[in-house]
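**Student:** Generate coordinates for the sequence data below:
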Amino acid sequence: MANWIQFMGLGARGVMVILLLLSIWSVAIMIDRRQVFKRELGNVKFDEVKKIINAKNWDLLKSWAESNPSFVAGAVLTAMAVDSKESETIDRAMQGYFTEQKLKLEKGLNLLATFAANAAFIGLLGTVMGIIQSFGILSSQQGSAMNAVMFGLAEALVTTAIGIFVAVPAAIAYNHFAQKLRNATLEASAVRDYFISKAVR
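**Tutor:** Model prediction:
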């Protein structure tokens with residue numbers, strides 16, 4: 001019985017270590033994605049791009065895109081690099097660009113979503129193991145080890161708290177980055193459609 005109780009206690013502590021590692025991993029992903037999104041998405045003003053396209057000043061548009069290393073600017077350069085002026089050809093080229101960029105920008109976001117969805121359950125597993133340990137101590141000692149039981153229960157609840165601590169920031173970060181990516185894709189799609197409407201005749 002004592003070995004079994006000890007095993008449950010080690011299991012709860014193991015869960016805490018796993019959650020702490022997941023927390024560090026989660027923060028590392030957030031920092032990395034923040035830097036990548038800031039660099040790749042930039043701060044593009046659609047009205048400015050629309051004005052240049054509307055004037056059909058392709059040299060200025062190319063100069064703007066080359067000096068603005070962002071998702072939207074890359075879409076403009078991709079469209080301008082297409083030899084054909086057929087809308088379908090330009091659209092296919094830009095769809096390929098969108099897919100490539102989304103794969104690059106989404107790197108790590110699925111892990112954040114996984115942490116957000118499962119960290120609390122991992123913490124709950126540690127809680128269950130800690131409670132089982134506490135009841136095991138209580139039954140084996142017949143009430144003479146109340147301090148040990150209370151410590152075990154407190155330790156068990158800490159694992160749930162850590163699980164929530166990992167899950168909530170991961171969920172917030174995932175939603176934030178996913179929304180920024182959706183907005184960037186919509187902006188780039190709008191630029192694509194407007195470019196095609198002006199460049200293709």
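**Student:** going forward, measure contacts and count neighbours with C-alpha atoms only.
**Tutor:** Will do.
**Student:** List the contacts of the residue nearest the centre of the chain.
**Tutor:** Compute the mean C-alpha point of the chain, and by C-alpha atoms, centre = their mean the closest residue is Leu109, 2.8 Å away. Leu109 is in contact with 29, 174, 177-178, counting by C-alpha atoms under 8 Å, 6 or more residues apart in numbering.
**Student:** Tell me where the model's unsure across this structure.
**Tutor:** Within the chain, the stretches with pLDDT under 70 are 1-9, 11, 42-45, 83-84, 135-152, 155, 199-201.
**Student:** Let me see the ranges of the helices in it.
**Tutor:** With DSSP state H as the criterion, the chain has helices at 2-41, 46-54, 58-66, 71-81, 87-105, 109-141, 146-199.
**Student:** distance between the last one and the chain's centre?
**Tutor:** Yep, that's helix 146-199 we're talking about. Here helix 146-199 is found 6 Å from its chain centre; the criterion is C-alpha atoms, centre = their mean, to the nearest Å.
**Student:** Just to check, Leu61 is in contact with Lys51?
**Tutor:** No: judged on C-alpha atoms under 8 Å, Leu61 makes no contact with Lys51 at a distance of 9.7 Å.
**Student:** Next, count neighbours for the residue nearest to Val72 when sequence neighbours are not counted.
**Tutor:** Excluding its sequence neighbours, the residue lying closest to Val72 (C-alpha to C-alpha, 6 or more residues apart in numbering) is Ala188, at 4.8 Å. For Ala188, the neighbour count with other C-alpha atoms under 10 Å is 22.
**Student:** how far away is Ala188 from Ala178?
**Tutor:** Ala188 sits 15 Å away from Ala178, going by C-alpha to C-alpha, to the nearest Å.
**Student:** for Ala55, same thing?
**Tutor:** Using C-alpha to C-alpha, one obtains 33 Å as the distance from Ala55 to Ala178.
**Student:** With Asp193 instead?
**Tutor:** Asp193 is 22 Å from Ala178, by C-alpha to C-alpha.
**Student:** again with Ser70
**Tutor:** Relative to Ala178, and taking C-alpha to C-alpha, Ser70 is found at 17 Å.
**Student:** if I pick Leu19, what's in contact with it?
**Tutor:** Counted by C-alpha under 8 Å, 6+ apart, Leu19 has contacts 119, 122-123, 162-163, 166.
**Student:** which one of Ala55 and Ala178 has more residues nearby?
**Tutor:** Shown here are Ala55 and Ala178; by other C-alpha under 10 Å, Ala178 has more neighbours (15 against 11).
**Student:** tell me the contacts of the more buried one?
**Tutor:** Per C-alpha under 8 Å, 6+ apart, neighbours of Ala178: 106, 109.
**Student:** show me what contacts Leu157?
**Tutor:** So Leu157 contacts Thr127 (C-alpha under 8 Å, 6+ apart).
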